[in-house]
Every structure is written in C-alpha cells, then in structure tokens.
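Colleague: Model the structure of this input:
(2 chains)
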Amino acid sequence: MMKAFWSRAGWAGLALLGAVALARVAMARGESLNALWLMTAAVCVYLIGYRFYSAWIAANVLAIDATRATPAERLNNGRDYVPTHRWVVFGHHFAAIAGPGPLVGPTLAAQFGYLPGTLWILIGAVLGGAVQDMVSLFLSTRRNGRSLGQMARDEIGAIGGTAALIGTFLIMIILIAVLGLVVVNAMKHSPWGTSTVAATIPIAMLVGVYMRYLRPGRVLEASLLGVVLLLASVVFGGWVDHHPVLAAWFDHDGLPLAFSVIAYGFAAAVLPVWLLLAPRDYLSTYMKLGTVLMLAIAILWLRPEIHMPAITPFIDGSGPIFGGKLFPFVFITIACGAISGFHALIASGTTPKLISSEGDIRMIGYGAMLLESFVAIMAMIAATVLEPGVYFAINSPAGVVGKEALDAVNTISSWGYEVSVAQMQHLASAMGESTLFARTGGAPSLAVGMASILGTVFGEHLLALWYHFAIMFEAIFILTTLDAGTRVGRFMLQDMLGNLHPKLGETSYTPSVILTSALVVAGWGYFLYIGVIDPNGGVNILWPLFGIANQMLAAIALSVATGILIKSGKVNKAWITGLPLFWLLAITTTAAYEKIFSDDIRVGFFAAANDLSHKLSIGSLPPEKAAVAPQLIFNQQLDAWLTLFFVLMLWVVVLDMLRMSRRKLAGLAVLPDSEAAYVASRLI
Amino acid sequence: MRKLISVWQRVRQLSGDDAYERYLAHYAEHHAQANAAPPLSRAAFFKQWQDQQWTGVKRCC
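Modeller: Coordinates of the predicted model:
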C-alpha cells in the first residue's frame, strides 16, 4: 500500500518535472535556454510514454502473453532461431536500427529553430515510431519471424506485398546516395578527414583477417585491436594533414571522392562479407555506442547553452539548407529520429528470431526506438549549441549564399545571424580544416558541435582531434550502411531477376553477383554524382526524397499493422497504428504534392527543371552551371517522377488494406490470419 | 563482482565472442548421439556463423 503510494507520487513528480521542462523548452523566447532542459523534457516524455502508453498497448491491444512460446524457443536451431537474453537482443536490435539518419535529420531540421524538430522527435517517437517498431516486432514474432513484405502479402494481398518490396528497394538506392553525399562533403578538401576515413578500410580488413584466420572467432580481441587502430588513425590523419607531400595526395574535389566512394561500394558488395563488411560493422557498432554515451555524459557535465532561436523565420519555406515550409518538411526531414519505416524491416525478420519471451517485446521494440530518438535529440543539441551564424555558414550551399566567403557572411548576417569571415577562419583552423563554408550534409556541422562539447569537457586543445574523431565516427557507420545496403539491394534485385531468369537468382553465381552489384551501385552512384555536381549541394534534393521514401515505408508498415489489428477483431483499438498512419499519409502526400507541383523553384522539381531550361535557352547561366544544366534538368524531372511513384505505391498499399478491412467488417471472406498457433513456453 | 561477471558475459554474447562455446553447448544438448557427426572446429564454425549473420537486412538508416 505504502509502496504503491510512493510509486504513484514518483510518477506524478516525474510528469510534473517533464511538464515544467517542456514548458521551458517551448516558451523560451529571446533568453537563451540550457540544453539540460531539452534532455530533461526528453527523458521525462520517454519514461512516461514507456511506463504508461507502451504498457497499455502491450496489455490491452496486443495482449502480449509471456506464457506463449516464441519462434526462437519453438524453432530453436542454434543458428538464426536462438532464444537470447533480453539485453543482448536489445543491443543487437538497437545497433541495427541506429544509423546516421537521426544524426543528419535533426541537424538539417535545425534551420527551422530547435523547437519544431525537438517536438516532433519526442511526439513522433512516443506515439508513432516506437509504436510502429513494437507492433511490427510483435506481429512478426507471432508469425515465426516473417518479413514485412511477406506479412503484407499473406495478410493483405499480393498487390500490397509487391508494392512493399519495390518501395524498399528504391528507398535503399536513395538512402545510400544521400549518405554517400554526406561522406563526400565531409571529406572534400580535407586531407585529415579523407586519410582517416581511408585508413578505416585496411583497418577493417586487418580485423577481418584476424577474426577469420589468425585467431578464429576471437571477436572481442579483434575488435579491441580495431578500435585502438581507429583512434590511432585519427592522430595519423593529423600528421598527414601537416605533411607537405602526403597532404596533397588526400586533398580532393567532390567528384574524384564521389567516384572513389562508388568504386569502394562496388568492391565492398563483391568482396566476401568477412573481409570488410563484418569487421567494419563491429567497429562501427562500438564507435556508435561509445560516442553516444560520451556525448550524453559531456552534455550533462557541460550543460551547454542553446544559441539557436526556438523558431526561425525560415518556417515560411525560404530556408537556405532546404526549401519548403515547416509543414510538412520538418517531419520529412527529421524522419528516422521520430518514425523510420526501415525499422519495420529489422523488427520483422531478424530480431523476432532471437526473442526468448513475448514479455521482452515492449522493451526491445518500444525501448530501442526511444533510445534512437534520444540520439536524435543529442544531434539537435549539437547543432543548436553552435552560434546560428556559424551553423548557417557551414550548412548553406554556395549556390544559395554565394561562393566567396565575404558574400556568404554578408548574406547570412543580413538574416540577423551575425557571423564574420575571421570567426569562420578561426573556427576552421581550430578544427584543422582549410574552410568550413558550405560544408553541406550535416556531418561537418555535427562534428563542430560535438567537438566543441567534447573538447570543452575532455580537453580544449584537442579540438581538431575531436572534430576528426567525429567525422571518422560518422563516416565509419555511413560506410557500413552503404556496404550493407548495397548488398541487401543486390539480394533483392537477384530475387526479382530470378523470376525472369532462374540462373540470375542464384546468390553464388558470380556473373549475376557482379551484374546485380553493378546495377545497384550504378543506381545510387548516379544520384550521388548528380548531388556532387549540383551547385546547390545536392542534399537539398536528396534528403527530402529520402525522407519521403522513408516515411512512405513507415506508412506501409503501419498499414500492415492496422490491417492485421482490424482483421483480428480489434477495430476499436486499431487507432494506435491508424492515427500515426493517417498523419504520415497527410505529410508524405502533401510533401510529394509540393515537390511535384510547387511553383517555387526551391521546392518543386518540375518548376526547378523548367526554370533551369528557360535560363539555359536564353543563355543567362554562368558557363560552369550551363555545362551541367542538362544533367540537372533531367535529374529534377526524374526526381519528380520518382516522388510520384513513391506516393502511388503508398496509396496502393493503403487502399488495399482498406479494401481488406471493409470486407472483414462486412463479414466477407479475407485472407486467413497467419498467426502461429499457441504453444505453451517451457522457459518460464 | 557477480554483477561484473554477468555484464562481461552479456558483452561476450552481444559481440558473438562466445558463439562457439554456445554452439558446443547446443550441440551437446541436442546432437550428441553416438553416431552423429562430430561438432565443427572453431574456425569452421566461425565461418558458417559469420556468413549466416549477414543474410537479410542487418543495418538501416
């Protein structure tokens, strides 16, 4: 009795603290806000969402039953189906879902101010993303770990299943292109960054050989060796940077770097997994967990002030980093930090085969997404502790603010965000870079933010080291996503081509491996190439395209979930996935409509293409832009058609789900529920 | 101290460092009949385990 009272009092106190912190975050105008308030508001929102909303869903909607044997227990084969301790599954699941998305999205969305992005990261995760992950995980666990595409096919119909498959493949292409662009922009004319990133490749190979042949299976030993070498590579990069001959070797324009990334992507997809992909993945996982933890400690220790205003005038759509109004583009830009469709692919398929009890689903599905959302909040803090002038100088493309440093600072200062050439030069030299102007893509500005936070706590004179550590940290797991994504894309393509010509579907048939890898790499390589030659930086085109694709996949996952809930007689509770689905439909459809039909040349793809071809025909373009204009025009038109295709795919799945639900509610025949029969667990 | 050991075990399990030991335990439990094939060597097991770890979607954004 007494204990229940204290528990209630504790939760009430936490709710109150959360409300106060949120009010501080939302109401701060003019005076500066401490980042600790943001952290406090976030943690309170997560705890309350986890304790109450996810528990309610688990008990009353999904009816999670810990006495029911999971696929891992029933089908235990010691390989892919293995009952595993909840914290180990949590670790695997989190490592799989947490990629560079929640770091890049909030950094870009900070152009609207810290408030809109922060609110969506919190609300979107608690009510949308975490629910999607948990429900997908639950549904797949009940269906022997079937993938999202299979569930769509089995439960809704063949049309929905095919749409989900094609959608996933296209997302992969766009995702890899935009991530490749982020890495290229971080390495451009940075001998330190480039040599450090390049060094990660032989380090990963060495670790791979060590694990496979020198000391087979000694994963931790090999990883420790790799981490030490990675840290050494950051120091080594600094030495290269000061070396007159070596520095020139690693000092490149965007285009040669893009071609190196493309060549690397092809090699990584064709080389055996153990040599490059698997060891790189280990290293990136340790780096990711270690850095996130370090950043959280540093923010708590330092309690930095946020310098970005709560809301900037760019909510009207005139922002320099990407065009488009607050609604719907803040949601499209944040993407993974709040709701990520990709998570549904991990939550169905891989993770369910490890879960030893249904009771763990809530912690793994809902909990891991909250942690991912917390990473997004930290990225938002790292972007907004920078002076706004500095933030815009780093992230605005030269095509918008001007190529010369003086033009750029004048334009940015005219918006009311003071910044000077001297200040930027001082910052660049402190970070060990030649310039920080127009370093679009989010990675350099995040690295400056992280370096200033970590540098203050762990050694001010090491700023340049921290900066390049942050670049290496981002690059290593962007490259992991690039390798893994290319490989997954290849498998999907082989699977599709196998229907036409069975020989091409064999994953060990070398000509098919080379052909399909080359096709996938050519697909993302094209978008990467265009992104690099685009004077507006490419990120402003590719990131919204990625966001739309990712939110489309989330909407497909939520459709499948809503359809299954309705089918299993839970119509009155289907709103838990139905409402987020409705919201995603609204934002992706609006965003797609604007990207296709808007007259604003910074938003509409066709408008931009028409404007460019008009300028080209009257000869008003500067010669270097006229040279690439035909390719840019074609690309804008292609992007418009691609966006249209995405939104059509989405509506096909949603309408198919609604058709199935209507039949069910009218008492007509629908596909049978594919849930596995109840077997009592013997593990408890 | 017990706590530390259990954390270390989780870390080993999470990284796959103890995958071979767990395989041997699974083998002893399920396949250890007299006429069954002997268990794989550490190197052979690790090869198989690693290749199998990398099928399907493993990483996302």
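Colleague: So for chain B, the centremost residue is which one?
Modeller: In chain B, the centroid-proximal residue (Cα atoms, centre = their mean) is B:Ala19; its distance is 1.9 Å.
Colleague: got a list of what that one touches?
Modeller: B:Ala19 makes contact with A:217, A:219, B:45-46, B:49, according to Cβ atoms under 8 Å, 6 or more residues apart in numbering or on different chains. In short, each C-beta sits where N, CA and C put it, glycine included.
Colleague: which of the residues you listed sit farthest apart?
Modeller: Using Cβ to Cβ, the two most remote members of the contacts of B:Ala19 are A:Val219 and B:Phe45, lying 12.6 Å apart.
Colleague: Show me which of these two is the more surrounded one.
Modeller: Between A:Val219 and B:Phe45, counted using other Cβ atoms under 10 Å in any protein chain shown, the more crowded position is A:Val219 (25 against 18).
Colleague: Need the nearest residue in space to the more buried one, chain neighbours excluded.
Modeller: What sits nearest to A:Val219 in space, not counting adjacent residues and going by Cβ to Cβ, 6 or more residues apart in numbering or on different chains, is B:Asp17, at 4.4 Å.
Colleague: doesn't A:Ile262 make contact with A:Val520?
Modeller: No: counting by Cβ atoms under 8 Å, A:Ile262 is not a contact partner of A:Val520; they are 11.1 Å apart.
Colleague: between those two, who's got more neighbours?
Modeller: Taking other Cβ under 10 Å, A:Val520 and A:Ile262 do not tie; A:Val520 has more neighbours (27 against 19).
Colleague: A helix includes the more buried one, no?
Modeller: Yes: A:Val520: assigned to a helix according to DSSP: H, G, I helix; E, B strand; the rest coil.
Colleague: mind listing what it touches?
Modeller: So A:Val520 contacts A:172-173, A:269, A:486, A:489-490, A:493 (Cβ under 8 Å, 6+ apart).
Colleague: if we go to 6 Å?
Modeller: Listed by Cβ atoms under 6 Å, 6 or more residues apart in numbering or on different chains, the contact partners of A:Val520 are A:486, A:489-490.
Colleague: Against A:Tyr526, how distant is it?
Modeller: 11 Å (Cβ to Cβ, to the nearest Å).
Colleague: Next to chain B, which bits of chain A? Give me the list.
Modeller: Contact residues (Cβ under 6 Å from any Cβ of the partner chain) of chain A with chain B: A:78-79, A:87-88, A:91, A:96, A:99, A:101, A:175, A:216-217, A:219-220, A:273-274, A:278, A:336, A:342, A:345, A:349-350, A:480-481, A:484, A:488.
Colleague: got any ranges where the stretch 1-150 of chain A has weak pLDDT?
Modeller: For the stretch 1-150 of chain A, residues meeting the criterion pLDDT under 70 lie at A:1, A:30.
Colleague: now the strands for it?
Modeller: For the stretch 1-150 of chain A, the strands defined by DSSP state E, counting those that start in this stretch cover A:33-34.
Colleague: Which single helix of chain B contains the most residues?
Modeller: The residue-count maximum for a helix in chain B (DSSP state H) belongs to helix B:2-15.
Colleague: What is the burial count for A:Ile684?
Modeller: Residues near A:Ile684, counting by other Cβ under 10 Å: 10.
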